[in-house]
Every structure is written in C-alpha cells, then in structure tokens.
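Asks: fold the following, please.
(chains A, B and C)
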Amino acid sequence: MADTAAPDPARRVAELRERIENANHRYHVLDDPDIPDIEYDRLMRELESLEAEHPQLADPDSPTRRIGASPSRTFAEVRHEIPMLSLGNAFSDDEVRDFERRIEERLELRDPMFSVEPKFDGLAISLRYEDGAFVRGATRGDGASGEEVTANLRVVKSVPLRLRGTDWPRVLEVRGEIYMPRAAFERYNAQARDQGGKVLANPRNGAAGSLRQLDPRVTAARPLAFFAYALGVVEGSAMPDTHSATLARLRDWGFPVSNLVETARGVDGCLDYYRRIGERRDTLPFDIDGVVYKLDDLAGQRELGFVGRTPRWAIAHKFPAQEQATRLLAIDINIGRTGAATPTARLEPVQVGGVVVTNATLHNADQVARLDVRIDDTVIVRRAGDVIPEVVRVVPEHRPPTSVPWQMPSHCPVCGSELVREAGEVVWRCSGELVCPAQRKEAVFHFAARRAMDIEGLGERLIEDLCDLDFVRSVADLYALSLDDFVEMKRRADARDGTTPETAKAGKVATKWAENLVDAIERSRATTLERFLYALGIEHVGESTAKALATWFGALERIRHLPWPLLKLVPDIGGEVARSIGHFFEQAGNQQVIDDLLARGVRLGDEHAVSVKLAKVLTLGNVLENIEIPKLTHKRAQQLAEAFSDAHALAAASHEQLVGAGLPADTAAAMIAWREDPANARLLMDSIEALNRFREMLQDAGTAASAPAPLDGQTVVLTGTLVALTREEAKAKLEALGAKVAGSVSKKTRFVVAGSEAGSKLDKARELGVEVWDEQRLLAFLDAPE
DNA sequence: ATGCCTCGAGTTCA
DNA sequence: CTCGAGGCAT
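Replies: Residues are numbered from 1 along each chain as shown, chains lettered A, B, ... in the order given. Down below sits the predicted model:
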C-alpha cells in the first residue's frame, strides 16, 4: 500500500492530512474509530517526516500541529461580540414549571418543544471560524470578554481545525464546553501520582487549569474534549430556525454534539428527561451538574429575550447540591479588619462536589445558635449552587451525649481584649482596635490592596511575618523598611520556622523579591486622596464613600480635623458613617499614623480646592441642624440662621437673644443647657469656624470657577454590553462629566445607556419612562457634551 | 415608620 | 458573590 515512489510530496501530504483528520473525527467526535491506532501512528509519522523534508508544505492547520506551539507570555483579552450567556437556575420541579408557564403565557402557546441537553461541568468557550478555518478560541470569562486561548484549543482533538462539508457561513462562532472525561482524568492522575507530579482536584478544575496553561504543550498532555451547544456570531449564510436543527448542522460540520441531546415536549417532557439523565449521571463518562432546557424555536427565543444577562428561553435544572457528612472539629474565631469576630467551622477534610473542604464559615453567633452546631457534631456540608461551602445542618443522631451548646468566647482569641456586641447588631467585635495584632494585620492587608495603595507583592504571608516579627506595627512602618530589613526579616522568619533559608543556598543574590517589594512600596508613595482615604480602612468608608469625601473636600487636611457632624453635609454620608469617620480621626494614634505616612513621602497627587458643590449645602442652618442640638428641628435651625448674620454672635447668644430671634422659650433653654457642656460649646465653635473657613475658600477659589459639568449631579445607569467602550471606561468618562453611575434604575435616573443584550434595567427604564440611549448616542454625547 | 437602593464587608479554594 | 445595614424618599 505504501507508495514507495512518492512522486508528488504535496499531494501525499494533503492526502495524509485528510486521512488523519478523518480518523480524528471518527475517533474523537463520532467515538467510532475506523483505523487501528498503529495505522494512525504510522500515517502521523509519515506526515511528520514529509513536512520536515518539505518545509514549504507546512500549514498551521496540519494535524501535526496539534501537539502544540511554543509558550506564549500571557493571554490576550477577547471581547465577545455576542456575549456568552449565563443561565438561570432551577432547583425544583416547581421552578421548572414556573419557567415553562412564563414562556407559554408570553408566547401564547401550549407545551412548546424544548431542546434538552446535559449541563456539562467544564469550561465554556467560544470558537471562531472564518472561511471554514479555526482562527480564534476564547474562554467565557465574564461573558462579555474572555481570554484568548487559541493555541491551547488547537491541541484539543475534538475541536475541528477545519469545518467539514462546504455550506458553512463565512464567519461562524460556535460555543460549547471544554471538559475532561472522567476516565482520562483518572488515568492522568494515576500517572501523575506515579511520577510524583501534580494531581488534579477534579475534572472541571483539570479542564480549566489545562486551558489556562501558558505552554500549549502542557495542554496537549492533558486529555481534554469538547461539546458544542450554541452559536455566537454567524455571518454570510442562513441558519436553521430551531436549536435542534442548528445542533444537527454543527454535527455535519464536524463538531462533537452530545448524543444525550434530545427534544422534549412541554414541562413533562423536560422533567422526564431530567429524571432519566439523573439516573444515568453516575455512569456517564463525564461530569454533569444538571440539564439545560432551551426553547427549540429560535423565533420564540428572540421574542422572549433576556432578563439581565440570562435568557428567558432557557434554564439550567440543577441536580441537588452535593452534600456530605463530616465531623466538626472546632469552631475558630476569625478577627477581621473591623474587629468582627466570625466563627469558622474547622472540618474533617471531606470531598464535596470534587474539592476537599476543610473550612466553612458560620457567619455569626446567631447562625451557630440557629443551627445549634456543637464541637464534635456530625454536620452536613454543602457546596451550594456555586462554590462556597456551608454547614447545612447537624445530624442529631450522631451527637455525643456530653456535648454542650457552643458559645461565643468572651475575649478575643488573638489579643485577649473583650468581645462586645453593639445593641441591635449581629456581630461581636474585638474591642482591642489598634492593639489587636489580628486587626493590625488585616489593616495592613487592606492598606496594601490593589484598590487601595496597590503595593504589589505584599501578600498575606509576608504581612503576617512583618507584623509578628515586629518590623511593622502600623501601616506607616512600611515606608521605613529598607532592603536590609526585608532580608533580615526573612532570615528570622526562616530561623523561626526551621526552614532552610533560600538566601543561604543561592548566596546573597537571591534578594530580587525584596528589591521588587521596595520598588513596589516606593511606587505606592504616589497615590490619590481617594485611594488614601480608602486605604486607611475607616469603618463604613469603602471606595465610594472615599471618593465622595475626596471630591467634596478636595484635601486631606480639610477632612482629618473637621468636626465630624459636618461630614453629613455630603450626600450619602449620614450619622452612622460620619460618626465612624469622626471616631477614626479622634484617635491620636490614627492621626500619628497619617503624619508618619506623609512624613515618609506618601503624596496625594490629586488634592484640589473644595468643591463648589459644598457652597450649596454649606449654610449656617445646615451646620446647626447637623450638629444635632436638642429640640432644634430643621425648621428652627434655618430660622435661627436667618436671624443671625454673624455666626459667632449666635454661638454666644443669650436666652433673650435666642427668643428674640423667634425661638420658643423651651427650645432656647435646651440650646443654652446643651451649650453648657464644654465639649458641645467647642463643637459649635469649631463647626462655625470650619464653616467660615470653607466659605472663604470658596470665594477665593473664585465664583468664576469652571462652568458646572454637563452631567453634574445626575445619575445615569449602564446596562447591556457596550462595544466601543468597556463598562469601566464608559463609567470613567461619564463621571468625568460629573455624572454618578449607578447600578440600578430608579425615577431619579437621568438616562439609561443600553448596549446589546440589555435586560431588566432596560425594561425598568421603559416602565418608569426614563430616557434610554444607545451606545451611539452616548459616544456622540461624550464627543460633544452639551 | 416603611420600603427601596446602594454600599460595605466578609468568604473558599486552586 | 451574597447578606446586612446605612441613607434617603415616601
């Protein structure tokens, strides 16, 4: 059979490629091999040697290339022109019935046909074909954009490199699931164990991890497979009008489509399918976590549309979350940044849904009481729909007779300070504040976080060591650390742990990590007021509040010594938040830390003048109202402010003068009595001084200040997927024009920008009669704001 | 007082 | 991501 003459290498190469791809298709897609492995290997070797002899015949789509190209540095981002969906979940028959009833009502029909399929437990991807050739593959990512993993997908044998047949569209995107068959997973792990390699936790993580390999040759060694189940962009040719026919067409083109896919009529057909698949679940060659029902008729799908990012025409019917019984070994207390004491269950390690679970949060003392979880209990652990393990309940039969209800300890396990609970609050907190090492560590961790000071490389372990070995007592100490300090710290940590110092092994050159850290710390010195305020870790001050403080007051000095009741002048800052900020700045220790940070070179590059927005709310009446003088209502405060042109005169006014200004006698008396307290008198004076100071600044800054931003004070909402801009970019640009970008639509919303696949927010906007813009209009507006 | 809406805080594992 | 609670409008 061998053509020893080999007259035309090009023709032979083409022939070999075709035969090998056919064999691949029969083997990997149809699961029906037509030639023995030995024959396949022989063809492959022949092709390899021909390609080596005749480099001009090389082709990136040759089957020999499936073994993998050389490593790439990182993954590029790929935007999905048509976003990749997430599905709504149903956990009960009733939820499926609701789903079906909604479709029947909206489309006014009975018992529609559904395409029903297993829900593969793998990794969703999108494959792009142009003129029949595979050109790009990407992970689902967040649905709007994912990572470009073309090289890794090329080595997956059931991914066609070229489409079969001829009638395919010019551009075709096929969506589906990459998964690792169970047998292949077992085989891989057995081998890995033998060779002392890394064992994969479960097939799903195996698939996900394999695709994210930077080196496709590693991916090639992992046994991955693919199932197609949906379309993305299609250009240049008509497609069938049902989902099931679409899948059949994909099959013809060479895509693997699971043979468990069926059609079913109405809810009964769906539920029947669910049960049949459920029975077979354990014997299937791959993991599934439920089944998916999709309305088969594509016109009906279009009519139904989306709610948010999930389609109304499809739903995932999940199998019950996997539950496991295990022993609860202990309940530890975790102390967070704010001192919150969170009970955590330490569990006998147990496999739940494929991963080993050893910890599960118990949320708070009330939750522990509700479940009546006790040490040594046998508990049921579940990895609910998503990932995070939770304790569902106790198995009372297995409870040891001597067990006693668990109680929140009275003192912090870390620093020994008392644990206290505010009236009406659920959480217990460590009262140690600055002295509690746990809180200090968390504070440093928060400070260094990406969204705060963004000190790259300063992670949990390092912070732990720095704090434990006393190199860092406050965040300001970070800025006094030298290269030698880091090296010395590492030496002591190694000595403490009895580990062999890497520095000793490799000589003194192994300090690159320390150099990087010193650099990272240096870089973080240049920051913004907003990030700095957030980094301080003041309770109730997250990114959004930090930003508000920064824009309204413009400079740290104006905030850190402000009588805290005045913070309430800023919208969205109320009593609780203002008090918390005040409490923070009242502590000398915190002020010292800020002084140290500034002295050690932290620079707030964006400090600016007070916002003119303050002028509107900065009135004597508002100030009086916000410092909460007893009996002084909003109306009375405004009235009083009208009567006194000189704020200082008001602060010193006698009972008679107050009554003269129109205040009822008892209100005046209450104010005088309140003022007797030196602390209150002081607050009044300080507030008035701050008021006058800001007024002057506002005048100096010039009332001629810039015209108000076009969208000043207006709220806009983004929904759906934008094409030209990312959501972040759009948000930044709108904010630059003075807008506030909110997450949900209300009557106050000025307009909603709706990208493609816009969902419930768009519905809501229409319902409330809020103006809706498309992306074009937004772009035009950003280009030339009116 | 009541009911949205948004923001903050906390959490698991690879 | 989910829950709770703070802020604000009704």
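Asks: show me the strands in the stretch 201-350 of chain A, by range?
Replies: The residue ranges that make up the strands of the stretch 201-350 of chain A, judged by DSSP state E, counting those that start in this stretch, are A:225-235, A:262-265, A:288-295, A:306-307, A:310-311, A:314-318, A:323-335, A:340-352.
Asks: redo those strands as TSV? Include mean neighbour count and distance to DNA strand C.
Replies: For the C-beta atoms, the positions are set from N, CA and C on the backbone; glycine is no exception. Output for these, formatted as TSV (neighbours: other C-beta atoms under 10 Å; distance: least, C-beta to the nearest atom of the strand, whole Å):
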stretch	mean neighbour count	distance to DNA strand C
strand A:225-235	20	20
strand A:262-265	17	28
strand A:288-295	24	16
strand A:306-307	16	14
strand A:310-311	18	11
strand A:314-318	22	13
strand A:323-335	17	16
strand A:340-352	18	11
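Asks: would JSON lines of those strands with mean pLDDT and distance to residue A:494 be doable?
Replies: Supplementary listing: the strands of the stretch 201-350 of chain A in JSON lines, determined by pLDDT from 0 to 100; distance: least, C-beta to C-beta, whole Å:
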{"stretch": "strand A:225-235", "mean pLDDT": "93", "distance to residue A:494": "45"}
{"stretch": "strand A:262-265", "mean pLDDT": "95", "distance to residue A:494": "61"}
{"stretch": "strand A:288-295", "mean pLDDT": "90", "distance to residue A:494": "44"}
{"stretch": "strand A:306-307", "mean pLDDT": "74", "distance to residue A:494": "55"}
{"stretch": "strand A:310-311", "mean pLDDT": "79", "distance to residue A:494": "51"}
{"stretch": "strand A:314-318", "mean pLDDT": "88", "distance to residue A:494": "48"}
{"stretch": "strand A:323-335", "mean pLDDT": "86", "distance to residue A:494": "27"}
{"stretch": "strand A:340-352", "mean pLDDT": "85", "distance to residue A:494": "28"}
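Asks: by proximity to DNA strand C, which residue of chain A wins?
Replies: Residue nearest to DNA strand C within chain A: residue A:574 (2.7 Å; C-beta to the nearest atom of the strand).
Asks: tell me the pLDDT of the residue nearest in space to the middle of chain A.
Replies: In chain A, the C-alpha closest to the average C-alpha coordinate belongs to residue A:142, at a distance of 9.1 Å (C-alpha atoms, centre = their mean). The predicted structure scores residue A:142 at 72 on the pLDDT scale.
Asks: and the gap between it and residue A:246?
Replies: 25 Å (C-beta to C-beta, to the nearest Å).
Asks: for residue A:512, phi and psi?
Replies: With angles defined as degrees, to the nearest 10, residue A:512 sits at phi -60, psi -40.
Asks: what's the lengthiest helix in chain A packed up against?
Replies: Taking residue count as the measure and DSSP state H as the definition, the longest helix of chain A comes out as helix A:678-700. The criterion is 3 or more C-beta pairs under 8 Å, 6 or more residues apart in numbering; DSSP states H and E, and the helices and strands that helix A:678-700 contacts are helix A:613-617, helix A:620-626, helix A:647-651, helix A:665-676.
Asks: what parts of the stretch 651-786 of chain A come near DNA strand C?
Replies: If contact is defined as C-beta under 7 Å from any atom of the strand, the residues of the stretch 651-786 of chain A in contact with DNA strand C are residue A:747.
Asks: can you give me the neighbour number for the residue of the stretch 651-786 of chain A found nearest DNA strand B?
Replies: Of the residues in the stretch 651-786 of chain A, the one nearest DNA strand B is residue A:744, at a distance of 2.7 Å by C-beta to the nearest atom of the strand. By the other C-beta atoms under 10 Å criterion, the neighbourhood of residue A:744 contains 11 residues.
Asks: which pLDDT value goes with it?
Replies: Looking at residue A:744, its pLDDT reads 70.
Asks: ok, it touching residue A:717?
Replies: Yes - counting by C-beta atoms under 8 Å, a contact exists between residue A:744 and residue A:717, whose distance comes to 6.8 Å.
Asks: what's the spacing between the closest residue to residue A:426 other than its chain neighbours and residue A:56?
Replies: Taking C-beta to C-beta, 6 or more residues apart in numbering, and ignoring the residues beside it in sequence, residue A:426 has residue A:364 as its nearest neighbour in space, at 5.0 Å. If you measure residue A:364 against residue A:56 using C-beta to C-beta, the figure is 70 Å.
Asks: list the buried residues in stretch A:655-666.
Replies: The neighbour-count criterion (16 or more other C-beta atoms under 10 Å) identifies A:658, A:661, A:663 as the buried residues of stretch A:655-666.
Asks: now do stretch A:157-172
Replies: Residues of stretch A:157-172 classed as buried by neighbour count (16+ other C-beta under 10 Å): A:157, A:158, A:159, A:160, A:161, A:162, A:163, A:164, A:168, A:169, A:171, A:172.
Asks: with pLDDT, secondary structure and distance to residue A:671 added, can I get these in JSON lines?
Replies: Written out in JSON lines, the entries for these read as follows (pLDDT from 0 to 100; DSSP: H, G, I helix; E, B strand; the rest coil; distance: C-beta to C-beta, whole Å):
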{"residue": "A:157", "pLDDT": "89", "secondary structure": "coil", "distance to residue A:671": "83"}
{"residue": "A:158", "pLDDT": "91", "secondary structure": "coil", "distance to residue A:671": "81"}
{"residue": "A:159", "pLDDT": "93", "secondary structure": "coil", "distance to residue A:671": "78"}
{"residue": "A:160", "pLDDT": "94", "secondary structure": "coil", "distance to residue A:671": "82"}
{"residue": "A:161", "pLDDT": "93", "secondary structure": "coil", "distance to residue A:671": "83"}
{"residue": "A:162", "pLDDT": "93", "secondary structure": "strand", "distance to residue A:671": "86"}
{"residue": "A:163", "pLDDT": "94", "secondary structure": "coil", "distance to residue A:671": "83"}
{"residue": "A:164", "pLDDT": "91", "secondary structure": "coil", "distance to residue A:671": "88"}
{"residue": "A:168", "pLDDT": "91", "secondary structure": "coil", "distance to residue A:671": "83"}
{"residue": "A:169", "pLDDT": "94", "secondary structure": "coil", "distance to residue A:671": "79"}
{"residue": "A:171", "pLDDT": "94", "secondary structure": "strand", "distance to residue A:671": "75"}
{"residue": "A:172", "pLDDT": "95", "secondary structure": "strand", "distance to residue A:671": "77"}
